[in-house]
Structure formats: structure tokens, C-alpha cells
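A.B. asks: Predicted model follows, preceded by the sequence.
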Amino acid sequence: MEAVILVLALLFVAFVVLGVYVSVKAVGAAKRGVDRTISQARRTVEDTTLRAKSLGQVGVAGELAQLRLRLRTSMKATQDALHAGVAEDASLRESLGLFERLSVHGRELDDELKRLEREPDRHQVTERLPDLRERVERITHSADALRWAARDRARTFAEDDLSALSAQIDVEAGALRDWSRAEPDWAARAEDAAGAAGAAGAAGAAGPAAETAARSDAGEAPPEPPQAITARDPRQPTTYSWQKTARPETSN
């Protein structure tokens, strides 16, 4: 009895621990989903603000907004392309690792540009613009190269698969068009079948006639045709072989 109670207690503790673990995992997943949603919303708002600044402002502020928008747009597009491609092509994992290293430099540059937007000394910012443009150009060029390489690789695989599929379809279509060469002539087959049926009919008709002629030559009478079954005369009594014959009565 004590063993049963102990087992039940252990099962209860195990279920409680499992329930707590599942709850913690669910809460963590929900929190990550909320954080991801907030990050995406914040990014969308920030990109919209940068577009407005790049179009509505001139001078240093407008150029800084254009540089940030170009950098963020290139990095986001490359990230989406690589994450989508690595699900189908595992060889892109190395490219994704390189992009993550590149993203570190991209985030640092974006943070620096963001700080310079609030810098009151516009003269110092203007002097640093050439270096900022070069750094943005290098990072976006590398990101664009990775993105287009991944897209070219996916397109090459799709073209190879399409070429192989087209070749198989051409072979199958050729086989379907040549069915008349592989199959026998249906008209000739029907004519041969009709000839065979006629020969069999002639042989069947000649058989009884030949048998009758042979019986005539041997002096035998031809066999009588089978008699039809006639109805029993109701006036005649029906007798069977197992019935005894009635003996006539004798007088003494």
C-alpha cells in the first residue's frame, strides 16, 4: 500500500513539473512573439519616418536620413532572402553566417548615423559625410552581393529542374505520338479474326456431313434423330420397376 502511495505521489510531482515546464515554454514563446511584433512595428514606424525625412528635408539631415534608409532597406531585403532560401537550400547557411557578421557592422553604422541626426554641430557632421557614404556603400554592396547570389542560385536550380522536366515531357510526348508504330494494325487484326472465325465455321459444318457419308459407305443406318419428350397420357397408369405385378386370381 505504501508503495502505491509513493508511486502516485511521484506521478503527481512529475505532472506538476511537466505542467510548469510547458507553461514556462508557452509564456516564453508568447513573449518572444510579442517582442518580435513590437520590433517589427517599431522598425516600420522608423522606416516611414526616415522616408519622410529624406523627402522633406534638405542638407545634412536629409542626407543622413537617405543613408540610413538605404542601409536598412538593403540589410532587411538580404536578411529576408537568405532566411527564405536557407529553408530549401542548406548550403546558404554559410552565407547566412557571413551576413550575420555583416549585420554587426550595419547596426553599428546605423546607430552612428542615428546619433549624428541629433548632433548640433552640423559642420563636423558635414566633414564626416564622405566617410559615412563610403561605409554605407561597402556594407550595402556586400549585402546586395549576397542577396543576388542567393537569388541566382535559386533561379539556376529552378531552371535546371525545369529543363529536366521539359526533357521528360518531350520524351513522353514522342512516345504518345508513335503509338501507331508500336501497336499492330487494327484493321488487319480484325480481318484476321474474321477469317479465322469463317474457317472454324466451315470446319464445323463439314464434320457431320463427312460422318454421314462414312456411315453410308459402311452400310450402316444413319443415327436416328433424338426424340422430343412428350407429355404422359393421363389415362395410362404410371408404373415403376419396383412395383410387383399383380397375379391373376384363380378359382378352385
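C.D. replies: Perfect, I can see it now.
A.B. asks: hey, let's count contacts and neighbours off CA atoms from now on
C.D. replies: Will do.
A.B. asks: Low-confidence regions, the stretch 151-252 of the chain specifically.
C.D. replies: Judged by pLDDT under 70, the stretch 151-252 of the chain has its weakly predicted residues at 179-252.
A.B. asks: let's see 90
C.D. replies: 153-161, 174-252 (pLDDT under 90).
A.B. asks: Please enumerate the helices of the stretch 101-250 of the chain.
C.D. replies: Taking DSSP state H, counting those that start in this stretch to define them, one finds helices in the stretch 101-250 of the chain at 122-177, 179-182, 186-217.
A.B. asks: Distance check, Gly85 against Val17.
C.D. replies: When CA to CA, to the nearest Å is the yardstick, Gly85 and Val17 sit 39 Å from each other.
A.B. asks: ok, now Glu137?
C.D. replies: Using CA to CA, one gets 53 Å for the distance from Glu137 to Val17.
A.B. asks: swap in Ala52?
C.D. replies: 52 Å.
A.B. asks: what's the answer for Val136, then?
C.D. replies: As defined by CA to CA, Val136 lies at a distance of 51 Å from Val17.
A.B. asks: between these two, which one's more packed in?
C.D. replies: Regarding Val136 and Val17, a neighbour count based on other CA atoms under 10 Å identifies Val136 as having more, with 20 against 12.
A.B. asks: Help me confirm that the more buried one comes into contact with Leu67.
C.D. replies: Yes: the criterion here is CA atoms under 8 Å, and Val136 meets it with Leu67 at 6.9 Å.
A.B. asks: Count the neighbours of the nearest residue to Leu55 once chain neighbours are set aside for me.
C.D. replies: If the residues on either side of it in the chain are set aside, Leu55 comes closest to Gly62, at 7.2 Å by CA to CA, 6 or more residues apart in numbering. Using other CA under 10 Å as the criterion, Gly62 is surrounded by 18 other residues.
A.B. asks: quick thing: my sequence starts at 28, can you match it?
C.D. replies: Understood, numbering begins at 28; the last thing we discussed is Gly89.
A.B. asks: Quick check: phi and psi at Gly89.
C.D. replies: Torsion angles at Gly89 (phi, psi; degrees, to the nearest 10) stand at phi -70, psi -40.
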